[in-house]
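1. Give the three-dimensional model of this entry:
(2 chains)
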Protein chains: 2
Amino acid sequence: MFKWLLATAKGEAKMHTATRKHILFNTLILVFYWLFAGHALAETNDPLPSWNAGKSKQSIIEFVTKVTDKSAADFVAPAERIAVFDNDGTLWAEQPMYAQLFFALDRLKALAPQHPEWQDKEPFASLLKGDIESALAGGENAALDIIMATHAGMTTAEFEQIVTTWLSTARHPSTKRLYTEMVYQPMLELLSYLRASDFKTFIISGGGIEFMRPWTEAVYGIPPEQVVGSSIKTTFEMQNGQPVLMRLPAINFIDDKDGKPMGIHQHIGRRPIAAFGNSDGDLQMLQWTTAGEGARFALYVHHTDAKREWAYDRKSNIGGLDKGLDEARAKNWTIVDMQKDWNVIYPHEKR
Amino acid sequence: MFKWLLATAKGEAKMHTATRKHILFNTLILVFYWLFAGHALAETNDPLPSWNAGKSKQSIIEFVTKVTDKSAADFVAPAERIAVFDNDGTLWAEQPMYAQLFFALDRLKALAPQHPEWQDKEPFASLLKGDIESALAGGENAALDIIMATHAGMTTAEFEQIVTTWLSTARHPSTKRLYTEMVYQPMLELLSYLRASDFKTFIISGGGIEFMRPWTEAVYGIPPEQVVGSSIKTTFEMQNGQPVLMRLPAINFIDDKDGKPMGIHQHIGRRPIAAFGNSDGDLQMLQWTTAGEGARFALYVHHTDAKREWAYDRKSNIGGLDKGLDEARAKNWTIVDMQKDWNVIYPHEKR
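-> Sure thing, here's the model as predicted:
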């Protein structure tokens, strides 16, 4: 390239003006191409810049390439390109505790003055003393009590406002960052890459559907109608002549484990061709996705980076990955090694 | 136009060739424009050809125009352009009985040989004798028994196949047409018009969600993930190492009346800006839609055409429109008079 430019400059003096102009013009075009288009091309050639080269990245790109190639045997029509993502631990951090539990705790503290009875009643008493472990020792019932006390008793519009306000101010205990800043940059790139390849991306989370919807569009580019999660019951009421939906203290649906294929079927009505999770809670979703005909893709995010994030799998109470890890290895699903596969964890670390 | 052409032809002989060619060329362009572009323009100018000019058609076009005009005070961003449609009686015919009840009846007859106990057990005994009225005299419980006997006990994939097969062969008792041929042409045009204006169209029906999803994409252009309806519970099971969802004989959700705003909130997570129904079962959906801020649109299809379709409203058991009609009049919602507003009912009548 440089050699050619030099040769052109040397020969210039001898030439007819028209020829000179012609060569100059072509040279300028080539320089422009090299300066801009070439670079732009290099960038668009890598839809996953935060992913290091390796088996994980390669498996994603190979899958997307074959299902979007009209001449390939594995081609899938755009309407059927459904990709489902777990949220906690797959799209954003979930340690030392799900963000929604921090939310519940903050809300419990805010509501405590109106509930003097909580001082002597478990799990509230322990929680208000900051003893989360004792509070959660009550198991599922304790968790339900906490959720109902903090997530019910208001209209859906009021709850949306409470979540939005909390997320714009609450900070993670160790990183001191907003929870929405603790999303995984490589997964944001993956979501964009899939959507650019005409996939429809959905969240299928054990977390509360109404806890996610207020922010998933801004943070992940996933609109509320493509968010599936656990829910409590609502009731339709008239308040001052205006219809409202009141949130009731009763479970409607638990979108976890067995519930994930049910949630997918209920909300989407077609079987996804790609599923992304990080825990045993996602196993049935990955089984359901890969059991369909044609090309299928399943990926587990394996939390292996104790330094930049958290390292946990088989024994973890939050986001435990045990059976799922064995099945992923046996079935040759993609297992992302966060430490090795991701050169960046959070968006603020981007180079 | 014709006068101008004649004048041009008369003057032609006296002119210089170049001028003559110029005028001829312009004339040809004008003739072409008049012959093709003009007609095409007239067609594309009317997105609702099966709707007669009048208040109903005008109200739809005015609403769509103002929410899609960036400079208008009522402009709505495309992501928020959610339009919800009831199905039975709004998008397709529902008389003398919902298509899904005909389906249940046909299935009951097909299953009867395996169920000798039905011969002496209501509501089955009456139904098998063709006495639908007596069978449904048992009210909600009778209806539930019929649904559970015919809609549960198979995998979701098997049920999809059963519905697809039935719809491709079953014929309406009086018109002898396929049920999917008894959709309303003006509503198909309305769906297309809204989607062309960047609306996302959803079905919110009291009918079974899994009874609609196998065909709504082909018939209405509405994909399964944008269909909301009543549902029964499912359970996730392994059959020969393959995961399946089994349909259980237990109600999960009734997407009717109060249930419609709940179903909308659960599946879409945002309030629609336009809602279309035909019965009191849609009233809460229309209330919920119009209670939001900014421009809102509510429309009732009023079945007034006893000759081309059916005429029914206040007293009808199927698709009764009583309270809703009063509220629509009081609140100035659009009320479609099928007889006067629609020049075509079904697609096969199209001119």
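2. gap between stretch A:49-67 and the chain center?
-> 17 Å (C-alpha atoms, centre = their mean, to the nearest Å).
3. What residues does the stretch 1-150 of chain A have near chain B?
-> A:79, A:82 (C-beta under 8 Å from any C-beta of the partner chain). Using the backbone N, CA and C atoms, a C-beta is placed for each residue, glycine as well.
4. what phi and what psi does the backbone show at the residue of the stretch 1-150 of chain A found nearest chain B?
-> In the stretch 1-150 of chain A, no residue comes nearer to chain B than residue A:79, which is 6.2 Å away by C-beta to the nearest C-beta. Per-residue torsions, residue A:79: phi -60, psi -30 (degrees, to the nearest 10).
5. Name all residues that make contact with it.
-> Residue A:79 makes contacts with B:217, B:223, as judged by C-beta atoms under 8 Å, 6 or more residues apart in numbering or on different chains.
6. and what of residue A:271?
-> A:82, A:264, A:288, A:289, A:291, A:292.
7. the strands in chain A, which residues?
-> For chain A, applying DSSP state E gives strands covering A:82-85, A:200-208, A:227-239, A:242-253, A:274-277, A:297-304, A:311-312, A:334-337.
8. most tightly surrounded among those?
-> Comparing these by mean neighbour count (mean count of other C-beta atoms under 10 Å in any protein chain shown), strand A:274-277 comes out on top with a mean of 29.
9. any idea how far that strand is from the chain center?
-> 10 Å.
10. Show me what it is packed against.
-> strand A:82-85, helix A:185-196, helix A:283-290, strand A:297-304 (3 or more C-beta pairs under 8 Å, 6 or more residues apart in numbering or on different chains; DSSP states H and E).
11. And the average pLDDT for it is what?
-> What strand A:274-277 shows for mean pLDDT is 98.
12. Could you do stretch A:319-332 as well?
-> 98.
13. Check stretch A:119-127 too.
-> Summarised as a single mean, pLDDT over stretch A:119-127 is 93.
14. End to end on that stretch, go ahead and measure it.
-> Criterion C-alpha to C-alpha, to the nearest Å; first-to-last residue distance in stretch A:119-127 is 10 Å.
15. Could you check it and say which residues are buried?
-> Using 16 or more other C-beta atoms under 10 Å in any protein chain shown as the test for burial, stretch A:119-127 gives A:123, A:124, A:126, A:127.
16. before we move on, the earlier item: among the contacts of residue A:271, name the buried ones.
-> For the contacts of residue A:271, buried by 16+ other C-beta under 10 Å: A:82, A:264, A:288, A:289.
17. wait, which of these is closest to residue A:164?
-> residue A:264 (26.7 Å; C-beta to C-beta).
18. How is chain A partitioned into domains?
-> What automatic domain parsing lists as the domains of chain A is A:2-39, A:55-96+A:168-349.
19. can I get the contacts of residue A:271 in JSON lines with pLDDT?
-> What follows is the contacts of residue A:271, written out as JSON lines (pLDDT from 0 to 100):
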{"residue": "A:82", "pLDDT": "98"}
{"residue": "A:264", "pLDDT": "98"}
{"residue": "A:288", "pLDDT": "98"}
{"residue": "A:289", "pLDDT": "98"}
{"residue": "A:291", "pLDDT": "97"}
{"residue": "A:292", "pLDDT": "96"}
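20. Local confidence estimate at residue A:32?
-> In this model, residue A:32 is scored at 53, pLDDT.
21. my bad, should have said residue A:43
-> Looking at residue A:43, its pLDDT is 50.
22. Please enumerate the helices of the stretch 51-200 of chain A.
-> A:55-68, A:99-111, A:124-128, A:132-136, A:139-151, A:156-167, A:185-196 (DSSP state H, counting those that start in this stretch).
23. Could you identify which of these has the lowest mean pLDDT?
-> Lowest mean pLDDT of the helices of the stretch 51-200 of chain A: helix A:132-136, a mean of 86.
24. How far does that helix sit from its chain's centre?
-> 28 Å.
25. elements contacting that helix?
-> By 3+ C-beta pairs under 8 Å, 6+ apart, helix A:132-136 packs against helix A:124-128, helix A:139-151.
26. Return the most buried member of those helices.
-> Mean neighbour counts for the helices and strands packed on helix A:132-136 (mean count of other C-beta under 10 Å) peak at helix A:124-128, with a mean of 19.
27. ok, is stretch A:185-200 in contact with chain B or not?
-> Yes: Stretch A:185-200 reaches chain B (C-beta under 8 Å from any C-beta) through residue A:200.
28. Show residues contacting that stretch.
-> Stretch A:185-200 is contacted by residues A:47-51, A:60, A:64, A:68, A:78, A:81-83, A:85, A:90-91, A:201, A:220-222, A:226, A:274, A:276, A:301, A:341-342, A:344-347, A:349-350, B:225 when judged by C-beta under 8 Å, 6+ apart.
29. which residue sits closest to the most centrally placed residue in chain A in space, ignoring its chain neighbours?
-> Closest residue to the average C-alpha location of chain A: residue A:91 at 2.7 Å, with C-alpha atoms, centre = their mean. Leaving aside its sequence neighbours, residue A:91 sits nearest to residue A:187 (C-beta to C-beta, 6 or more residues apart in numbering or on different chains; 5.2 Å).
30. Lovely, talk soon.
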